[in-house]
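Undergrad: Build the 3D model from these lines:
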Amino acid sequence: MVQKPLVIGITGGSGSGKTTVSRELVRRLTADGSSAILLQQDSYYINQSEKPMSERILTNYDHPDAFETDLFVSDLRRLSRHESINKPIYDYEQYTRSQEVESVGPADVVIVDGVLLFNDARVRDLLDMKIFVDTDDDIRFLRRLERDIEERGRTVHGVIEQYLATVKPMYHQFVEPTKRYANIIVPEGGENLVAIDMLANQAKAMIKHAK
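TA: Numbers count the residues shown, from 1 in each chain. Below you'll find the model as predicted:
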């Protein structure tokens, strides 16, 4: 019988450092001999290729309706059964999905990250460990500003406008309240090396116990 993979969910506001934590856990677990993959909720933004760019830009990407959650849940269930998936690829500069997909999995450990990861009970029920990365609003905004300009082709004005219009209010409406579902709360994200050490050791212990 194939052992069920360990599924770890990591959430927090945009710019909180959740992806840094996720990637570091993948690196440490892989170095320890386990196979580990990262599945990001951002890949499952709805396909908007039929819409003009003027409409795509106006989409509220921080609302639960921005994601194709049924497909996300289905793919996560497949990975939980040690099956491979064809993960969507999201094109941030075009504000829609790429026509290409990426083959992912299976693996001993599946790490999932996303801003609205804990909003859907179906997702929460698939997670063996739930982590909330809790970072100050100002720090998250500055990190997002730098990232979106350097990596996603955004302008300073566009980032500020989007943050004030949707990112910040949606965080307080949909993201922060899900902190109550977390098993572990990590302050300051990727800079908190003590917390990352603890998470990696806990994951290794859970993997060993399951064998």
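
Undergrad: can we go C-alpha only for contacts and neighbour counts from here?
TA: Will do.

Undergrad: what's the first-to-last distance across stretch 94-114?
TA: When the termini of stretch 94-114 are compared using Cα to Cα, to the nearest Å, they are 20 Å apart.

Undergrad: How far does the helix ranked longest in the chain sit from its chain's centre?
TA: Identified as the longest helix of the chain according to DSSP state H is helix 193-210. Taking Cα atoms, centre = their mean, to the nearest Å, one finds the center of helix 193-210 at 19 Å from the center of the full chain.

Undergrad: what are the C-alpha coordinates of it, in PDB please?
TA: Only the C-alpha atoms of helix 193-210 are listed here, as PDB (Å, rounded to 0.1, in the frame of the first residue of the first chain):
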ATOM      1  CA  LEU A 193      14.500  31.000  10.600                       C
ATOM      2  CA  VAL A 194      13.700  29.600  14.000                       C
ATOM      3  CA  ALA A 195      10.100  28.900  12.900                       C
ATOM      4  CA  ILE A 196      11.300  27.400   9.600                       C
ATOM      5  CA  ASP A 197      13.600  25.000  11.500                       C
ATOM      6  CA  MET A 198      10.600  24.000  13.700                       C
ATOM      7  CA  LEU A 199       8.300  23.400  10.700                       C
ATOM      8  CA  ALA A 200      10.900  21.400   8.900                       C
ATOM      9  CA  ASN A 201      11.600  19.200  11.900                       C
ATOM     10  CA  GLN A 202       7.900  18.700  12.600                       C
ATOM     11  CA  ALA A 203       7.300  17.700   8.900                       C
ATOM     12  CA  LYS A 204      10.200  15.200   9.100                       C
ATOM     13  CA  ALA A 205       8.800  13.700  12.300                       C
ATOM     14  CA  MET A 206       5.400  13.300  10.700                       C
ATOM     15  CA  ILE A 207       6.900  11.700   7.600                       C
ATOM     16  CA  LYS A 208       8.900   9.300   9.800                       C
ATOM     17  CA  HIS A 209       5.800   8.500  12.000                       C
ATOM     18  CA  ALA A 210       3.700   7.600   8.900                       C
END
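
Undergrad: pLDDT on that helix, on average?
TA: In this model, helix 193-210 has a mean pLDDT of 90.

Undergrad: so what secondary structure elements neighbour that helix?
TA: strand 6-12, helix 18-31 (3 or more Cα pairs under 8 Å, 6 or more residues apart in numbering; DSSP states H and E).

Undergrad: Name the surrounding residues that touch it.
TA: 3, 6, 21, 24, 25, 28, 29, 186, 190 (Cα atoms under 8 Å, 6 or more residues apart in numbering).

Undergrad: Try it again at 7 Å.
TA: Applying Cα atoms under 7 Å, 6 or more residues apart in numbering, the contact partners of helix 193-210 are 6, 21, 25, 28, 29, 186.

Undergrad: And stretch 29-49, by the same measure?
TA: Here stretch 29-49 makes contact (Cα under 7 Å, 6+ apart) with 26, 56, 66-68, 72, 88-90, 96-97, 105, 107-114, 200.
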